[in-house]
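> Output the structure for:
(chains A, B, C, D, E, F, G and H)
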Number of protein chains: 8
Amino acid sequence: MDTLTIYLAGEIHSGWRDELRRELTSRGLPVRFVGPQEEHDRSDDIGEAILGKQPDARYRDLMGARANTLRTRVLLRRADLVVAYFGTEYRQWNTAADAGAAIAAGIPLLLVRQPELTHALKELDALATMTVETLAQAAEAIAYIFE
Amino acid sequence: MDTLTIYLAGEIHSGWRDELRRELTSRGLPVRFVGPQEEHDRSDDIGEAILGKQPDARYRDLMGARANTLRTRVLLRRADLVVAYFGTEYRQWNTAADAGAAIAAGIPLLLVRQPELTHALKELDALATMTVETLAQAAEAIAYIFE
Amino acid sequence: MDTLTIYLAGEIHSGWRDELRRELTSRGLPVRFVGPQEEHDRSDDIGEAILGKQPDARYRDLMGARANTLRTRVLLRRADLVVAYFGTEYRQWNTAADAGAAIAAGIPLLLVRQPELTHALKELDALATMTVETLAQAAEAIAYIFE
Amino acid sequence: MDTLTIYLAGEIHSGWRDELRRELTSRGLPVRFVGPQEEHDRSDDIGEAILGKQPDARYRDLMGARANTLRTRVLLRRADLVVAYFGTEYRQWNTAADAGAAIAAGIPLLLVRQPELTHALKELDALATMTVETLAQAAEAIAYIFE
Amino acid sequence: MDTLTIYLAGEIHSGWRDELRRELTSRGLPVRFVGPQEEHDRSDDIGEAILGKQPDARYRDLMGARANTLRTRVLLRRADLVVAYFGTEYRQWNTAADAGAAIAAGIPLLLVRQPELTHALKELDALATMTVETLAQAAEAIAYIFE
Amino acid sequence: MDTLTIYLAGEIHSGWRDELRRELTSRGLPVRFVGPQEEHDRSDDIGEAILGKQPDARYRDLMGARANTLRTRVLLRRADLVVAYFGTEYRQWNTAADAGAAIAAGIPLLLVRQPELTHALKELDALATMTVETLAQAAEAIAYIFE
Amino acid sequence: MDTLTIYLAGEIHSGWRDELRRELTSRGLPVRFVGPQEEHDRSDDIGEAILGKQPDARYRDLMGARANTLRTRVLLRRADLVVAYFGTEYRQWNTAADAGAAIAAGIPLLLVRQPELTHALKELDALATMTVETLAQAAEAIAYIFE
Amino acid sequence: MDTLTIYLAGEIHSGWRDELRRELTSRGLPVRFVGPQEEHDRSDDIGEAILGKQPDARYRDLMGARANTLRTRVLLRRADLVVAYFGTEYRQWNTAADAGAAIAAGIPLLLVRQPELTHALKELDALATMTVETLAQAAEAIAYIFE
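Now for the predicted structure:
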């Protein structure tokens, strides 16, 4: 089968993307990964890096988010599959928004959430195409697409 | 103008919906409100209330969420406007998912988030049609549609 | 809330629709029901009733199905919710096709299937917005939309 | 012409896919085939294979179906054509659901159904882009696209 | 059931619309009819009637057609059903274009064509939701929607 | 016919809307008008009126525009027809953006542009459903929809 | 630029396609052509060639048209541009239906019609992205896309 | 990542496209550029170049615009990203229309507008995915997509 493009929605503080990438590439699957900027500072600074100093924190954030949104919307439109990962540490509302957008756009959604989050994420669980609890399970589910 | 149907996405623990409803109906605006079940226990129990005892917490949550999703998807399809409210206390990932779905479906989104959440919600701020910080501001923005 | 229009997909041999209608109207819910022609002979004969005798059974069926499809597509486009009921006796492939069409069109789907059909209908269960096993449960789920 | 991607919806118990593949590849047509998992046990076990033992048969089936759905939705989105095959032995409701989804998504549908099923499948016959009775006919119809 | 809005596509020279309207209103069905301008001269003159004399016949026609298109697109967007009538006398290419647009937009299409046109209209027959040969049959088919 | 909802896109400095409204209501046509805020100062101040003083002119404008966009997107989604008026005095880029959005959304567009603007607006002329030069002509074209 | 896929809708009796192909390939433009079956007898016989003798002419035509529709819908979904050619000799209603479908699907439409057909095709002229009178003009218009 | 196709909407009088192309290709980014015809006279003459002398300026413009629209609609459908550039000198209403169409079609929009235009373009600023003031900033924003 052709290469699958997988959008990796989720927090950018931990190394979960590397782990999932390792899991999948080690299986030799033809997957390409896209997703939000993973360097946290770069992601926060990008608005002012492009547009210069903003008058206050609110606009620094808004301009940074617009730059990140330009990036992620272009990439999301090309995705065959969205993986949304939720850890316990961060609120990651943009992950949930990306998940909602994927569902509304008819892009299959694979939700990865730790057991402690079962209750907090039950609505996304109900909307997701499939839900798993670990990245190893996510890798197995994605590998299954190629069987 | 005809009645506007407003979907109120957000936490169901606090009284923010009543406050917004009061703000708008006191102005005599022809608005109808829809949204998730606001009785918290009812919302959590609905799956088992309909389907009977589930084998464990995960499936109790999943079945409850499916019942709530049936409800909210029917209502969301009729909304002219989605108001997504974020307070500091709860993670409300389903609120973010509803917001993402509204954006993807082309339903205008009014984001209400307290100043402390500016950074955490910057991506939704960038995607929202408009963002405000208080319910009074939200009411003014909605009232403006009728001017 | 306004009246909900509910499309009742499913076999037309048994009285399940009357039972569901009774359940819902007895609760005084503002629901309107649409769906396939429920008089079986009328449904089978309609093609020849309109177009006259067809050369053979295949075309008698095709012309009857086209007349029924004209009817159901007009009605399905107006539905807020699709209820798909599966009993054990009939194959009801058009029920499954209507369910698939509803999902693809973003119309919420409430699946009603007897426990014996759990395995045979597992894919539709995964695609449905919610799945229940009895008409009483279906009525509760629909009533919940109005709470 | 470029390669056509054909989604083969239908039962996974018999060898109909191999037969159709043989028919088409023997003609040297540039076709790529996608579809549901064809190893029956693998398809039934996949949910627990990924997520571990589930509390009961219902959830074993639901989780297996979600894994299969993740797989099939990714593949269906890339299809140029859906072939839906119905034999007399199985109920294959998910085949009908895939067919309905294809129609609703505007993907052309080629229905293959044995003559005995003419009446039971008349609605799908009316909705299909074309209906044939044998795999040899299906292969001819697909080959015709390349003429 | 609510009123159905039926768009009557087809030639405007003969009285077929009146005949169909009579057939349906005599049955007391809640139908509303929309469609192209039926006064032939008015339809041909409307461009210059609004915009003044055009430099030549081509632009007189184009401007008239744009005025008629403004009218028909507004009306077509509200239709529950499109009836496309073909008689033997006129080429009625815009009828076929309206039919194609209805199909592509997912609006059910009822094709009415005289037997002599079977071969010439076979592709539209294949695309239509249903095809009949007389206005009386068309009225029966529409009445069937209300049964 | 039911009431038509007409979105009036265009400059808010001149009285063109009143003129068009007069033209149409004097004919007793069942039309409802929606569109941008027509009080210029109110439109420019609305962002700060709701959100309070902004750090600089750029953000004052952006916040005002978001409030106006919330308003216009809600209204545009309900329009049966968009009238886009261009006078010679203002650049009215948002009028052109509304026109482009209407075309992309399949809402018929009636373009009103003074003869001096023929060249500058030729691309919109090509995209519009119909183009006229005066408000009296626009009123005639809209009245024609009701004939 | 990448190769453009051009769907050639129109009569299959004359050699207009060869002429247009010659015009374009002689310019060395990267275009690929798709369209209906051009061998007239093959196109008329295909239904019975695949399905066997049909009971009468009507069903022979319907089955042939379904086979052709399967072919053309697969091809039309991949087109970047639709060229619809109308000569004076044939009624070519399926050409008009393809044109209407292209417009409704947002695929740009280049209409080629001889001057004698100006009046008969005025509505399609108004709906087309561009209209020309000769194949040489059509080739120039397509070549312009690559400039 | 694969090549991104960027549609460059904006005036064709100045050399802004060359500047942006230089900025991006000098960074070795895999981008392909499409957009309107950049030779001004060619763009204005194309209608008559293809169709011959038109009766007056209005139709010369309309036919030219239709030829340009055929070109730009084909190209816009393939774009991953639309850059809309506004300078102070020209009204560029078609740029705004392209921007509106991109937004309505869900194609991310990067708005480039000089500071003097902040007020005039505030609505597009609110609708754009991101807004910058210089081409160097636009290049940085696009480059960020590839990081």
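> Please enumerate the strands of chain A.
Secondary structure of chain A by DSSP state E: the strands cover A:4-10, A:31-34, A:81-86, A:109-113, A:130-132.
> Okay, angle between the longest one and strand A:109-113 too, please.
Direction vectors for strand A:4-10 and strand A:109-113, defined by axes from the mean of the first three to the mean of the last three CA atoms, to 10 degrees, enclose an angle of 40 degrees.
> tell me the angle strand A:4-10 makes with strand A:81-86.
Angle, strand A:4-10 to strand A:81-86, by the same axes, to 10 degrees: 20 degrees.
> which other residues reach strand A:4-10?
A:16-17, A:20, A:29-36, A:75-76, A:78-87, A:92, A:94-95, A:98-99, A:102, A:107, A:112, A:142, A:145-146, D:74 (CB atoms under 8 Å, 6 or more residues apart in numbering or on different chains). Glycine gets a C-beta too; all of them are placed from N, C-alpha and C.
> ok, now the shortest one?
Strand A:130-132 has contacts (CB under 8 Å, 6+ apart) with A:109-113, A:124-125, A:138, A:141, D:50-51, D:66-67, D:69-70.
> Any residues of chain A in contact with chain D? List them.
Contact residues (CB under 8 Å from any CB of the partner chain) of chain A with chain D: A:1-2, A:4, A:80-81, A:106-108, A:110, A:129-133, A:137, A:140-141, A:144-145, A:147.
> The same query, at a cut-off of 7 Å, please.
A:1, A:4, A:80-81, A:108, A:110, A:129-130, A:132, A:137, A:140-141, A:144-145, A:147 (CB under 7 Å from any CB of the partner chain).
> Let's have the strands of chain A in TSV, adding mean pLDDT and mean neighbour count.
Converted to TSV, the strands of chain A look like this (pLDDT from 0 to 100; neighbours: other CB atoms under 10 Å in any protein chain shown):
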stretch	mean pLDDT	mean neighbour count
strand A:4-10	95	23
strand A:31-34	95	18
strand A:81-86	96	26
strand A:109-113	96	26
strand A:130-132	96	26
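> Looking at those strands, which is nearest to G:Thr118?
strand A:4-10 (47.6 Å; CB to CB).
> Put the alpha carbons of that closest one into CSV.
The C-alpha coordinates for strand A:4-10 follow below in CSV (Å, rounded to 0.1, in the frame of the first residue of the first chain):
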residue,chain,number,x,y,z
LEU,A,4,0.2,6.6,5.1
THR,A,5,0.4,10.2,6.4
ILE,A,6,-0.2,10.2,10.2
TYR,A,7,-0.9,13.5,12.0
LEU,A,8,0.4,13.2,15.6
ALA,A,9,-1.7,15.5,17.8
GLY,A,10,-0.7,15.8,21.4
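> among the strands of chain A, which is nearest H:Ile12?
strand A:31-34 (32.7 Å).
> And A:Leu76, how close does it get to H:Arg73?
Distance of A:Leu76 to H:Arg73, given as CB to CB, to the nearest Å: 24 Å.
> and if you look at A:Arg73?
For A:Arg73, the distance to H:Arg73 (CB to CB) stands at 21 Å.
> ok, back up a step: return only those of the contacts of strand A:130-132 found close to chain F.
Within the contacts of strand A:130-132, nothing lies near chain F by CB under 7 Å from any CB.
> Among these, which one sits closest to H:Arg58?
For those, the nearest to H:Arg58 is A:Leu109 (51.4 Å; CB to CB).
> so that closest one bridges to which residues?
A:Val82 (DSSP bridges).
> Taking chain A, what residue is nearest to chain B?
Proximity of chain A to chain B (CB to the nearest CB) peaks at A:Gly100, 2.7 Å away.
> In contact with the closest residue to that residue other than its chain neighbours: list those residues for me.
Nearest residue to A:Gly100 in three dimensions, chain neighbours excluded: B:Gly100, at 2.7 Å (CB to CB, 6 or more residues apart in numbering or on different chains). Residues near B:Gly100 by CB atoms under 7 Å, 6 or more residues apart in numbering or on different chains: A:96-101, A:104.
> A:Ala99 now?
Contacts of A:Ala99 (CB under 7 Å, 6+ apart): A:9, A:82, A:84, A:109, A:111, A:124, B:97, B:100.
> and which of the contacts of strand A:130-132 is nearest chain H?
Nearest to chain H out of the contacts of strand A:130-132 is A:Leu109 (CB to the nearest CB; 17.7 Å).
> what's the single longest helix in chain A?
helix A:57-76 (DSSP state H).
> which other helices and strands contact that one?
Helix A:57-76 sits against helix A:40-51, helix B:122-127, strand H:130-132, helix H:135-146, with contacts defined as 3 or more CB pairs under 7 Å, 6 or more residues apart in numbering or on different chains; DSSP states H and E.
> Go ahead and confirm A:Tyr85 touches A:Arg17.
No: taking CB atoms under 7 Å as the definition, A:Tyr85 is not a contact partner of A:Arg17, at 8.1 Å.
> Can I get stretch A:25-41 in PDB, CA atoms only?
The C-alpha trace of stretch A:25-41 is given here as PDB (Å, rounded to 0.1, in the frame of the first residue of the first chain):
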ATOM      1  CA  THR A  25       9.600   2.500  11.600                       C
ATOM      2  CA  SER A  26      11.100  -0.500  13.300                       C
ATOM      3  CA  ARG A  27       8.400  -2.500  11.700                       C
ATOM      4  CA  GLY A  28       9.400  -1.100   8.400                       C
ATOM      5  CA  LEU A  29       5.900   0.400   7.700                       C
ATOM      6  CA  PRO A  30       5.600   3.100   5.000                       C
ATOM      7  CA  VAL A  31       4.400   5.900   7.300                       C
ATOM      8  CA  ARG A  32       5.100   9.600   7.100                       C
ATOM      9  CA  PHE A  33       4.600  11.700  10.200                       C
ATOM     10  CA  VAL A  34       3.300  15.200  10.400                       C
ATOM     11  CA  GLY A  35       2.200  17.300  13.400                       C
ATOM     12  CA  PRO A  36       2.700  20.400  15.500                       C
ATOM     13  CA  GLN A  37       6.100  22.000  16.100                       C
ATOM     14  CA  GLU A  38       7.800  19.800  18.700                       C
ATOM     15  CA  GLU A  39      10.300  22.300  20.000                       C
ATOM     16  CA  HIS A  40       8.400  23.900  22.800                       C
ATOM     17  CA  ASP A  41      10.200  27.200  22.900                       C
END
